[in-house]
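>>> Here you go, sequence then predicted model.
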Amino acid sequence: RKGAAMKSWSELTHYAGFDWAKDHHDIAIVDKSGARVAEFRISDTAEGWRQFGEWLKKFPALGVVVETRSGAMIERLLATRCTVFPINPKIATRYRERKTPSGAKSDQLDAWSMADALRLDGQSWKVLKAEDPLTQEIRELTRDEVTLIEQRTALANQLQQALHEYFPAAIEAFDEWTHPTAWAFIEKFPTPEILKRAGRKRWEKFLHVHRMYRPETCEKRLACFERASDFCGTPATIAAKSLLAISVVKLLKALEKQLDEYRKRITEAFARHPDHDLFGSLPGAGAKIAPRLLGEIGTDRDRFDNPGALQCHAGTAPVTTATGKRSKKNALVLMRRACNHRLRHTVHLLSDLSRKTCTWAQVYYQKKREEGHKHASALRCLGQRWMKIVWAMWTNRKKYDPELHQRNQTSHGSWVVSLISANATPAATAKAN
């Protein structure tokens, strides 16, 4: 922020609703009595933001509410002299419906309803603080990396579809089509006829060069290569789809090269961050999950007042409906949809990976499966526990300590400890016998 300190809600004299779009933004400003004092639209250009700056000179103590908390528009808002309050789009919709039960909708109506909502209820809202540049860079890098990974998956699916039409044996021979070895195979043997002419010695050499010559899979792959021309597409289909397959492989290789560059940049930035050791200490987080957690949770320690706030933000806390005839005992419990979906996906991966190195995590997950939870549901339950731990680590700026966690579980009489002991006793007995 430039030119002025961040103001609290009680210090504000005017309230603005900022209904943003790709190429323009609608703004409505109300005073403390609720009277509309300004309504205008700016273009998302340098001139438009200059006009917004001129308007701000008339309202030195202005709070702005907007339906997002990240992006270029938020960066420009934070660079002005106003205090920014993010609001969930669904909540903004409810405020608008309170103003217009008829269902009427317009950009200026949206802006006005948000401005009045800030005036009436904003005392409990959190002010949006600008992240430090390093945290912001890590967040953007990790989000873009995930986007590129999704594009790689889409291209791999497109490649498999093309092979299904003219080269089924290739799909049968390789399971993982996001792996460069499978792409190299299509480059080397783009059609069944070329594969057949190459002969067994070249097949074996290819597998050796790419470290795929394993006793348990080698003969299966060679058998697939042998019968590749027995079941394939027509000559016309092979001619067309083989070109598509090679084209997609080239795209995949270029994309993989850029993903390597992203991984290098993320690793370097994460290593410089003060919270590197904190997030890096989580079991299973590793070099990929830890930076994503850091980027999505951020460094603003005032953002989440308690573990529940972080759990709701991460989507691990369920949504419970217990009203009317539904008591707490038979409440309707649903998965939380309104959350940070990127963080929820990251926590899902963390929960799954933590089971491989953390005994209590595996025991907890297995217990939930025995209670009837499906895989994803059991991981959400485990993620709920992890977010409580992460909140304590993050708030106190301390690394994960497995011994401390075990002592806390024991002192609280956690059922997880008793299950770990119960599982360890039969194993120790069997080893002794």
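Looks like it came in fine. Just so it is clear, the model here is predicted, and its values are computed rather than measured.
>>> wait, P402 sits on C358?
Yes. Contact status for P402 versus C358: in contact at 7.4 Å, counting by CB atoms under 8 Å. Every C-beta, even on glycine, is put in place using the N, C-alpha and C of the backbone.
>>> Let's verify the nearest residue to R143 once chain neighbours are set aside: helix, strand, or coil?
Closest residue in space to R143, ignoring its immediate chain neighbours: R342 at 6.5 Å, by CB to CB, 6 or more residues apart in numbering. Assigned with DSSP: H, G, I helix; E, B strand; the rest coil, R342 falls in the helix class.
>>> how about stretch 64-79: buried residues?
By 16 or more other CB atoms under 10 Å, the buried positions in stretch 64-79 come out as V64, V65, V66, E67, R69, M73, I74, L77, L78.
>>> Now intersect those residues with the strands, please.
Using DSSP state E, V64, V65, V66 are the members of the buried residues of stretch 64-79 that sit in strands.
>>> what about the stretch 1-150 of the chain, any weak spots by pLDDT?
1-5 (pLDDT under 70).
>>> from what I can see the residue nearest to R143 touches D144, true?
No. The pair R342 and D144 does not pass the contact test of CB under 8 Å, sitting 11.4 Å apart.
>>> which of the two has more neighbours?
Remark: of R342 and D144, R342 carries more neighbours, 17 against 14, as counted by other CB atoms under 10 Å.
>>> K126 versus the more buried one, what's the distance?
From R342 over to K126 the distance is 19 Å, taken as CB to CB, to the nearest Å.
>>> on that earlier part again, so which of P402 and C358 has more stuff around it?
C358 (21 against 13).
>>> Identify the residue spatially nearest to the more buried one, adjacent ones excluded.
Of all residues beyond its chain neighbours, the one nearest C358 is P283 (4.2 Å), with distances taken as CB to CB, 6+ apart.
>>> Repeat that for L379.
S351 (4.3 Å).
>>> So which residues make contact with the helix or strand containing the one you found?
Using DSSP states H and E, S351 sits within helix 341-354. Contact partners of helix 341-354, identified using CB atoms under 8 Å, 6 or more residues apart in numbering, comprise 143, 146, 282-286, 289, 292-293, 296-297, 313-316, 361, 365, 376, 379-380, 382-383, 386-387.
>>> Pull stretch 215-233 out as CSV, backbone CA atoms only.
Below are the C-alpha coordinates for stretch 215-233, written out as CSV (Å, rounded to 0.1, in the frame of the first residue of the first chain):
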residue,chain,number,x,y,z
PRO,A,215,11.6,-59.4,-15.6
GLU,A,216,8.0,-58.9,-14.3
THR,A,217,6.9,-56.7,-17.3
CYS,A,218,9.4,-57.4,-20.1
GLU,A,219,7.8,-60.4,-21.6
LYS,A,220,4.4,-58.9,-21.5
ARG,A,221,5.5,-55.9,-23.4
LEU,A,222,7.4,-57.9,-26.0
ALA,A,223,4.3,-60.0,-26.5
CYS,A,224,2.3,-56.9,-27.1
PHE,A,225,4.8,-55.7,-29.6
GLU,A,226,4.6,-59.1,-31.4
ARG,A,227,0.9,-58.9,-32.0
ALA,A,228,0.8,-55.1,-32.7
SER,A,229,-0.1,-55.5,-36.3
ASP,A,230,-2.8,-58.1,-35.7
PHE,A,231,-5.3,-55.6,-34.4
CYS,A,232,-4.9,-52.0,-35.6
GLY,A,233,-6.6,-49.4,-37.6
